[in-house]
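> build me a structure from this.
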Amino acid sequence: VILCPSPPRIEPMSVTVRISINGLDFSEPSPMNFTYKKSCDSGYFCGPSASSSANPSPNGTNVNYRTSLNFTLCEPGYFQPRSGQSQCLPCPISYFCPDFGLSKPVICAAGYVCDDIG
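A predicted model of the protein is given here:
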């Protein structure tokens, strides 16, 4: 298995992948071509090849760009209980969201006041 980071993309493009280890070229007889998709639906991220299917963002995350190759964790102060969403929700009053990637807010402890949204 070979893992390679994929470059960020703004528009559809193809890249040629050649594999070499210690100067030996393992891409023969021909290098592999990967084609990036144009875009995915809002809340979904696209795989690196044209045959890859769109994946919904998991709970606690969002995908806010139609050309994203991955999801983004909700920031502290925000949460997302559903998958396939394009935005995270601000924490409601009486709750707080102290960590990245929360799928549900944490209820404010007894004796404390959580009166700010987010």
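
> show me the shaky parts of the protein.
1-13, 29-31, 34-39, 47-53, 66-67, 118 (pLDDT under 70).

> center of it, which residue is that?
residue 71 (1.0 Å; CA atoms, centre = their mean).

> ok, now which ones touch it?
The contact partners of residue 71, by CB atoms under 8 Å, 6 or more residues apart in numbering, come to 45, 57-58, 61-63. For the C-beta atoms, the positions are set from N, CA and C on the backbone; glycine is no exception.

> can you check residue 27 too?
Here residue 27 is in contact with 17-20 (CB under 8 Å, 6+ apart).

> do you know how far it is from residue 79?
Distance, residue 27 to residue 79, using CB to CB, to the nearest Å: 45 Å.

> rewinding a little: out of the contacts of residue 71, which are inside strands?
With DSSP state E as the criterion, strands contain 45, 61-62 from among the contacts of residue 71.

> a markdown table for those, including distance to residue 113 and neighbour count?
Shown next, in a markdown table, are the ones in strands among the contacts of residue 71 (distance: CB to CB, whole Å; neighbours: other CB atoms under 10 Å):
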| residue | distance to residue 113 | neighbour count |
| --- | --- | --- |
| 45 | 38 | 22 |
| 61 | 29 | 23 |
| 62 | 28 | 23 |
